[in-house]
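Undergrad: sharing a model that was predicted from the sequence below.
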Amino acid sequence: MFLTSGYLTTGVAISWTIFCITQDRDVQTKIQNEIDHVLKGRLPLYHDLLNLDYLTQVVKESLRLCPPIPFLSRYLTKNINLETSDDPLNLLAGTVILYPLTSIHEDEIITRNSKKFDPSRFSSNQFNIPYSHCPFGFGERICPAEKLSMIEIKLMVCLIMQRFHVELAMPLSKVSRDEKFILMARNDIYIKLVPRKGVEE
């Protein structure tokens with residue numbers, strides 16, 4: 001289970017991360033500068049991936065905007081009364097709650113300019129509200145492969161960005177999301193890989 005549970009969702013996360021990177025040339029340059037500085041042309045090792053701080057911020061930001069699982073479910077074991085801006089909401093034990101990650105992650109109360117891809121927001125303590133950033137879930141049912149998935153995502157993005165510039169090879173207007181159980185693109189997204197000059201194959 002540990003090795004296979006995140007197979008599809010990790011692949012989806014890698015794809016959305018590369019797409020997000022195509023949308024900001026400065027972000028792309030900053031990733032590559034960090035990779036070049038840390039790796040100096042060699043392949044990454046495990047400890048290298050832990051030290052690529054900006055790459056980590058980029059992955060976290062792409063997971064904020066494009067969580068592979070766009071909602072979570074929780075089963076209430078006791079009655080809960082919630083205060084809302086309207087009338088109090090009484091939830092009974094046995095109710096299944098859907099927790100919409102995309103709505104939470106893009107809430108302007110939590111995240112300023114929430115629609116903007118901005119990895120630097122993870123360099124500060126912006127997400128100090130509990131459960132405001134939880135692409136892997138939370139609590140006792142958090143994804144058991146969270147750390148493995150993060151390493152896999154960072155490894156693949158690192159290897160791609162070390163050798164290539166990435167460009168969106170289609171109009172941005174043609175890119176749309178299909179939010180079902182897994183956050184997929186409604187149609188194929190075409191990315192152009194341009195070899196970086198001076199980088200060995």
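TA: Structure received.
Undergrad: now the spatially most central residue of the chain: closest residue in space that isn't a chain neighbour?
TA: Centroid-nearest residue in the chain, with CA atoms, centre = their mean: residue 63, separated by 1.3 Å. Residue nearest to residue 63 in three dimensions, not counting chain neighbours: residue 135, with 3.9 Å by CB to CB, 6 or more residues apart in numbering. Backbone N, C-alpha and C define where each C-beta goes, glycine included.
Undergrad: if we can go back for a sec, okay but the residue nearest to the centre of the chain is in contact with residue 12, surely?
TA: No. Residue 63 lies out of contact with residue 12 (CB atoms under 8 Å); the separation is 10.4 Å.
Undergrad: can you confirm residue 110 is in a helix?
TA: No. Secondary structure of residue 110 (DSSP: H, G, I helix; E, B strand; the rest coil): coil, not part of a helix.
Undergrad: for the closest residue to it other than its chain neighbours, give me its contacts.
TA: Spatial nearest neighbour of residue 110, chain neighbours left out: residue 132 (4.7 Å); criterion: CB to CB, 6+ apart. By CB atoms under 8 Å, 6 or more residues apart in numbering, the contact set of residue 132 is 104-105, 107, 110-111.
Undergrad: residue 12 belongs to a helix, doesn't it?
TA: Yes. Membership of residue 12 in a helix is supported by three-state DSSP.
Undergrad: so which helix or strand takes in the residue nearest to residue 110?
TA: For residue 132, there is no enclosing helix or strand under DSSP states H and E.
Undergrad: since we're on residue 119, how many residues are nearby?
TA: 22 (other CB atoms under 10 Å).
Undergrad: let me fix that: residue 17
TA: Neighbour tally, residue 17, other CB under 10 Å: 24.
Undergrad: grab the nearest non-local neighbour of it.
TA: Nearest residue to residue 17, sequence neighbours excluded (CB to CB, 6+ apart): residue 62, at 4.0 Å.
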